[in-house]
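Chemist: structure of the sequence below:
(chains A and B)
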There are 2 protein chains.
Amino acid sequence: MKLDAELIAQFDRDGYLFFPGHFSPEETARLVDAVPELYERREDYNVREKGKDAVRTNFAAHMYSEPFAKLARHPRMIEPAQELLGEQLYMHQFKINGKMAFEGDVWQWHQDYGTWLNDDMMPTERAMNIAIFLDDVSEHNGPLMFIPGSHKKGVLDARHDLTTTSYPLWTVDNHLIRQLVQRAGGKNGGIVSPKGPAGSMILFHSCLVHASGSNLSPFNRVAVYLSLCAVSNHIRRHKRPEYIAHRDFTPITCLPDDCLLKDYPVDLPWKNGVPATALQTSMNEIEPERKAA
Amino acid sequence: MKLDAELIAQFDRDGYLFFPGHFSPEETARLVDAVPELYERREDYNVREKGKDAVRTNFAAHMYSEPFAKLARHPRMIEPAQELLGEQLYMHQFKINGKMAFEGDVWQWHQDYGTWLNDDMMPTERAMNIAIFLDDVSEHNGPLMFIPGSHKKGVLDARHDLTTTSYPLWTVDNHLIRQLVQRAGGKNGGIVSPKGPAGSMILFHSCLVHASGSNLSPFNRVAVYLSLCAVSNHIRRHKRPEYIAHRDFTPITCLPDDCLLKDYPVDLPWKNGVPATALQTSMNEIEPERKAA
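Modeler: Residues are numbered from 1 along each chain as shown, chains lettered A, B, ... in the order given. This next block holds a predicted model:
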């Protein structure tokens, strides 16, 4: 899959690209069917909504679930991200976000790179987010909201919000959001919400400011979020557990385009559980030897 | 203003009617401009969002604010409601709901009549809600969500939710919401959100199931909600303060259609404060003498 000049220019201007129905219903079903068993697990990598049993986010499924391990190597996703960043990529973070029917809570306004810089010491913003819808997304089940062009502002001042939801997040202040939305068109396009069927894909810049509302509808809005980082831009600190911020900076090798529907061997290193080392964290910067590895 | 047969049939089927731009920008401005001063007041009738200073709902402004006192007598609103209920109406409840930028919290799925029955002993559902947008309403600032046709189910089982938000509400269980949305078309029309400019009006049935999400956008979504009750159907209990559930069952007399823009004398009985009697509450049913008054 190759992006044309128009799409590349659009990404540069808006900070995101939307591909409705990028994966077929058959391909999407392989992923959707694997989610309930993963969400049932009582493991640290399942973060539940504040005061509720519903899963807010599941981390690192590509390390222990075959369909998601194949998705993490899918050329229809990796190749355009690689093209936009002009370098080989490794998997920095892999999430299946719930936003479950009735229970799904908000995600406050934030830039993902803000957290990767502040927590993980990722040197630059040379990283890319990909969202793949596992459910149909409508105006009623808490769609993503983007502020087009907000990635151009680089890293914005952020505040570590530890209380609003069950998951700590570096969030952007309201007065900045107001300015950014105004600059992007105010009520005419200052906020956009890509909506479409399950299997749709969004590529978005690691500095694009985004949020999402609560889901009061009876329709789940499960989505996979992959954060791909340029290998040379790998993180320099392991402040967070490895299931949140990965430590293997090996470039991703793609599988064939039909990998979700056919059998291909994939490595599942955490199939029998997350190793104890993955839970060890440190505030120290990684030593130069390790950086060069 | 007279509803034609088609609109009457539509109301019967869907449980609501939407009139975009029903009041002009000039008329709407008279109301909008009066809100900040009302919201600033430190009075019981201003209910603030949980843990925040933003106003969630202001009660009874028609008793102490001239523009809202005139709105409460506006023929463009009272006449269609009167036509649908076939009887003279009194004002049961009058709210200006904030749903303020960044701060506005959810309203859970509920029927208004559920609360009026359980708390106020309103005998039947012969009452009508009217919403008037004081801000533009888009998909991003927490619009109302209706389940079309849900009013046909009459009074649904409800649970008194005292914790989710700062305002107690009789809410409908998730399994019932799921059934009602499915019955109304599921993902194809099972939930609708009327959106439009400030000045738009919605008439909706007191049993229509509705909710609204949080407002993460930088745009307020202030709206006036009037609950008009057939005079013969007046409440039978004063369990709640009078600023929430009114006790004067006198039929509303309309002002002329230009009343928001011109001077007309209106009574403002609470101009100098809410009387102590309005705060007195009782669990007793009103005596028959009082009923007949």
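Chemist: please, which helix or strand holds the most centrally placed residue in chain A?
Modeler: Nearest to the geometric centre of chain A sits A:Y225, at 2.9 Å (Cα atoms, centre = their mean). Applying DSSP states H and E as the criterion places A:Y225 in strand A:223-230.
Chemist: in space, what's closest to A:Q280 - neighbours in sequence excluded?
Modeler: Spatial nearest neighbour of A:Q280, excluding adjacent residues (Cβ to Cβ, 6 or more residues apart in numbering or on different chains): A:H238 at 7.6 Å. No exception for glycine: its C-beta is placed from N, CA and C like everyone else's.
Chemist: residues in contact with A:S227?
Modeler: With contacts defined as Cβ atoms under 8 Å, 6 or more residues apart in numbering or on different chains, A:S227 is in contact with A:91-94, A:112, A:116, A:127-130, A:206.
Chemist: meant to ask about A:L17, not that
Modeler: Neighbours of A:L17 in contact, by Cβ under 8 Å, 6+ apart: A:3, A:7, A:10-11, A:80, A:202-204.
Chemist: rank those residues by pLDDT and give me only the lowest.
Modeler: The lowest pLDDT within the contacts of A:L17 belongs to A:L3, with 91.
Chemist: would you mind measuring from it to B:I8?
Modeler: Remark: distance between A:L3 and B:I8 (Cβ to Cβ, to the nearest Å) = 54 Å.
Chemist: more crowded one of the two?
Modeler: A:L3 (17 against 14; other Cβ atoms under 10 Å in any protein chain shown).
Chemist: A:E83 is in contact with the more buried one, correct?
Modeler: Yes. Judged on Cβ atoms under 8 Å, A:L3 makes contact with A:E83 at a distance of 5.5 Å.
Chemist: tell me where chain A has strands.
Modeler: Assignment of strands within chain A using DSSP state E yields the ranges A:16-19, A:46-48, A:55-59, A:89-97, A:107-110, A:127-133, A:144-146, A:159-161, A:169-171, A:201-205, A:210-212, A:223-230.
Chemist: A:W116 - nearest residue in space that isn't next to it in sequence?
Modeler: Nearest one to A:W116, counting by Cβ to Cβ, 6+ apart, is A:M122 at 4.0 Å.
Chemist: look up how far A:E83 lies from that neighbour.
Modeler: Here A:M122 is placed at a distance of 20 Å from A:E83 (Cβ to Cβ).
Chemist: between the two, which has more neighbouring residues?
Modeler: Legend: neighbour count by other Cβ under 10 Å for A:M122 and A:E83, higher for A:M122 (25 against 15).
Chemist: can you tell me how far that one sits from chain B?
Modeler: 26 Å (Cβ to the nearest Cβ, to the nearest Å).
Chemist: ok, now A:P20?
Modeler: Taking Cβ to the nearest Cβ, one finds A:P20 at 15 Å from chain B.
Chemist: and for A:S232?
Modeler: 35 Å.
Chemist: against A:P123, how distant is the nearest residue to that residue once chain neighbours are set aside?
Modeler: The shortest distance from A:S232 to any non-neighbouring residue, by Cβ to Cβ, 6+ apart, is to A:E87 (6.5 Å). From A:E87 over to A:P123 the distance is 13 Å, taken as Cβ to Cβ.
Chemist: shared neighbours, the two?
Modeler: Common contacts of A:E87 and A:P123 (Cβ under 8 Å, 6+ apart): none found.
Chemist: each with direction, which strands does the strand holding A:Y225 pair with?
Modeler: Strand A:223-230 has these partner strands in its sheet, going by DSSP bridges: strand A:89-97 (antiparallel), strand A:127-133 (antiparallel).
Chemist: any chance of these in TSV, plus mean pLDDT and distance to B:A198?
Modeler: What follows is the strands paired with strand A:223-230, written out as TSV (pLDDT from 0 to 100; distance: least, Cβ to Cβ, whole Å):
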stretch	mean pLDDT	distance to B:A198
strand A:89-97	98	34
strand A:127-133	97	33
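Chemist: could I get those as CSV with distance to B:F19 and mean neighbour count?
Modeler: Output for the strands paired with strand A:223-230, formatted as CSV (distance: least, Cβ to Cβ, whole Å; neighbours: other Cβ atoms under 10 Å in any protein chain shown):
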stretch, distance to B:F19, mean neighbour count
strand A:89-97, 38, 23
strand A:127-133, 35, 24
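Chemist: for stretch A:70-81, output the C-alpha coordinates as CSV.
Modeler: Coordinates of each C-alpha in stretch A:70-81 appear next as CSV, following Å, rounded to 0.1, in the frame of the first residue of the first chain:
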residue,chain,number,x,y,z
LYS,A,70,-0.7,-10.7,13.0
LEU,A,71,-2.4,-7.3,13.0
ALA,A,72,0.8,-5.8,14.5
ARG,A,73,2.7,-7.0,11.4
HIS,A,74,0.0,-6.0,8.8
PRO,A,75,1.4,-4.3,5.7
ARG,A,76,-1.8,-2.4,5.1
MET,A,77,-1.0,-0.5,8.3
ILE,A,78,2.7,-0.6,8.8
GLU,A,79,3.7,0.4,5.2
PRO,A,80,1.8,3.8,5.1
ALA,A,81,3.1,4.6,8.6
